[in-house]
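Asker: Predicted model, plus sequence, below.
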Amino acid sequence: MFTAATGLAILHVLDDAFIGKQPGTTSGDHLLAAGALLVVLGGSLALYPRLRPGARAALAVVLGILITTAGAMHVAHAVVDEAERSDFTGMLAVIGGGALIVLGLVVAWRAPTPASWKRRWGKRVAIAAGALLVGFYVVVPIAIAIYVTHTPREPIDGTFSVPHEDVSFETADGLTLRGWYAPSRNGAAVVLVHGSGGSRLGPREHARLLAEHGYGVLLYDARGAAESDGDPMGFDWTWQPDVDAAVEYLKSRPDVREGRIGGLGLSSGAESLVEAAGRREDVRAVVAEGAGLRTYGDLLDLPGADSWITLPNTAVMLAAAQVLAGWPDVRSVGDFVGAGRPDRVLLIAAGKGVGAEDQLNALWAQRAGGRVQLWELPEGKHTGALDEEPEEYEQRVIGFFDRRLLGRS
């Protein structure tokens, strides 16, 4: 039963990486992640017969939970959108994962127990404590990493009320990204980048506000999201070629004048645009709302970073996500805040955000030494500034773009 269930997981890994791969990707893009997963699954097959019953049960349950999590991402995609090839083997992986969980529980139930009630209950307490530790430090962070790197695509089932064109453009690594563009009336244009697990639908209200003030707006689906090519990725670690391609697209537009390109990003999109502004001189203004924890180093910068509870858990999650994403080079947003020309970045941070965004944004602004602006909303929600403070948002954000892109005082 263990071999059959694990075999379904191996089948899905091979299909997802090399046969039913995402549009625009190649088998080489998945070698690291697929290789790591096959080593784990193959090693589990070799190890299982040599283990004692308790260890067998633990291995089966842990592996079952992780396999079920990976397969569930494909089930979710098939429910919300048209099923793809890898979704079907993902469903088989769910069956295999569920079988492993049941197998582990049965093996644990049938495992021999000490005759003495003290030893019996002592063993049960030790197993329960071990299960909690393994769950918190291994299962949960790896399951989160699986979710982040296999986020189901969000179908484009809505419209954009601003007059616009359907557009597409190519990234340097050969992916086609799709989105909407509303032409500029003032010679300036802004790239809008959505957050984790979203699509171009997310920043539509922000785009509408900018368009009302004459700005051209480009909304697109990041790689692996909605209608764009590429592998799904909740973090923005692999999004720099997307931002570069979007900026180059705007530079090719006849309605956009030289030196008048900016960006507005939400959550992960904010992080990708801050990095782009630190790398590119032609991105003259960036509004970054909800940027937060991106690397292990960010976690170390936070108060209470010496906590033995939080650090290992987050480290496992980030490491697992990097392996599954092909180990991209990741740097803290703080490395790019304040880089290049001064006053090019407006940070917006909510007190009720995620990833300790209020603390990190305040730290980054302090380190930048006045080279960036910071708008803090202690009672605000993550990426909710426009909804919660519409008048002040319009004043601050439009005023910022007007100064940086149009030269208005």
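Answerer: Nice, thanks for sending it over.
Asker: List the residues that contact the residue nearest to residue 318 when sequence neighbours are not counted.
Answerer: Nearest residue to residue 318 in three dimensions, chain neighbours excluded: residue 296, at 5.6 Å (Cβ to Cβ, 6 or more residues apart in numbering). To be clear about C-beta, it is placed using only N, CA and C from the backbone, and glycine gets the same treatment. Residue 296 makes contact with 314-315, 318 under the criterion Cβ atoms under 8 Å, 6 or more residues apart in numbering.
Asker: out of those, which is most surrounded?
Answerer: Ranked by neighbour count (other Cβ atoms under 10 Å), the contacts of residue 296 have residue 318 at the top, with 23 neighbours.
Asker: so that one sits right up against residue 295, yeah?
Answerer: Yes: the pair residue 318 and residue 295 qualifies as a contact (Cβ atoms under 8 Å) at a distance of 7.0 Å.
Asker: Among the contacts of residue 296, which lie within strands?
Answerer: Judged by DSSP state E, strands contain none of the contacts of residue 296.
Asker: now, among those residues, which is nearest to residue 86?
Answerer: The closest of those to residue 86 turns out to be residue 318 (Cβ to Cβ; 24.8 Å).
Asker: and the gap between that closest one and residue 389?
Answerer: 32 Å (Cβ to Cβ, to the nearest Å).
Asker: before we move on, what about residue 367?
Answerer: From residue 367 to residue 389 the distance is 26 Å (Cβ to Cβ).
Asker: Equivalent analysis for residue 40, please.
Answerer: 47 Å.
Asker: Okay, now the unreliable bits of the stretch 101-250 of the chain?
Answerer: 115 (pLDDT under 70).
Asker: Okay, strands next: where are they in it?
Answerer: Secondary structure of the stretch 101-250 of the chain, counting by DSSP state E, counting those that start in this stretch: strands at 165-170, 176-182, 189-193, 216-220.
Asker: okay, those in TSV with distance to residue 127 and mean neighbour count next?
Answerer: Output for the strands of the stretch 101-250 of the chain, formatted as TSV (distance: least, Cβ to Cβ, whole Å; neighbours: other Cβ atoms under 10 Å):
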stretch	distance to residue 127	mean neighbour count
strand 165-170	54	14
strand 176-182	49	22
strand 189-193	46	28
strand 216-220	50	27
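Asker: For residue 206, find the nearest of those strands.
Answerer: From the strands of the stretch 101-250 of the chain, taking Cβ to Cβ, the stretch that ends up closest is strand 189-193, at 6.1 Å.
Asker: For that closest one, name the packing helices and strands.
Answerer: If contacts are counted by 3 or more Cβ pairs under 8 Å, 6 or more residues apart in numbering; DSSP states H and E, strand 189-193 sits against helix 204-212, strand 216-220, helix 240-251, strand 261-266, helix 268-279.
Asker: ok, residues contacting the second one?
Answerer: It refers to strand 216-220. By Cβ under 8 Å, 6+ apart, strand 216-220 touches 160, 162, 167, 169, 177-185, 188-194, 200, 203-204, 207, 210-211, 228, 242, 246, 249-250, 253, 255-256.
Asker: Could you give the separation of that strand from the chain centroid?
Answerer: 21 Å (Cα atoms, centre = their mean, to the nearest Å).
Asker: What strands flank that strand, and is each parallel or antiparallel?
Answerer: strand 176-182 (antiparallel), strand 189-193 (parallel) (DSSP bridges).
Asker: Tabulate the ones you listed in CSV, adding columns for distance to residue 399.
Answerer: Output for the strands paired with strand 216-220, formatted as CSV (distance: least, Cβ to Cβ, whole Å):
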stretch, distance to residue 399
strand 176-182, 20
strand 189-193, 14
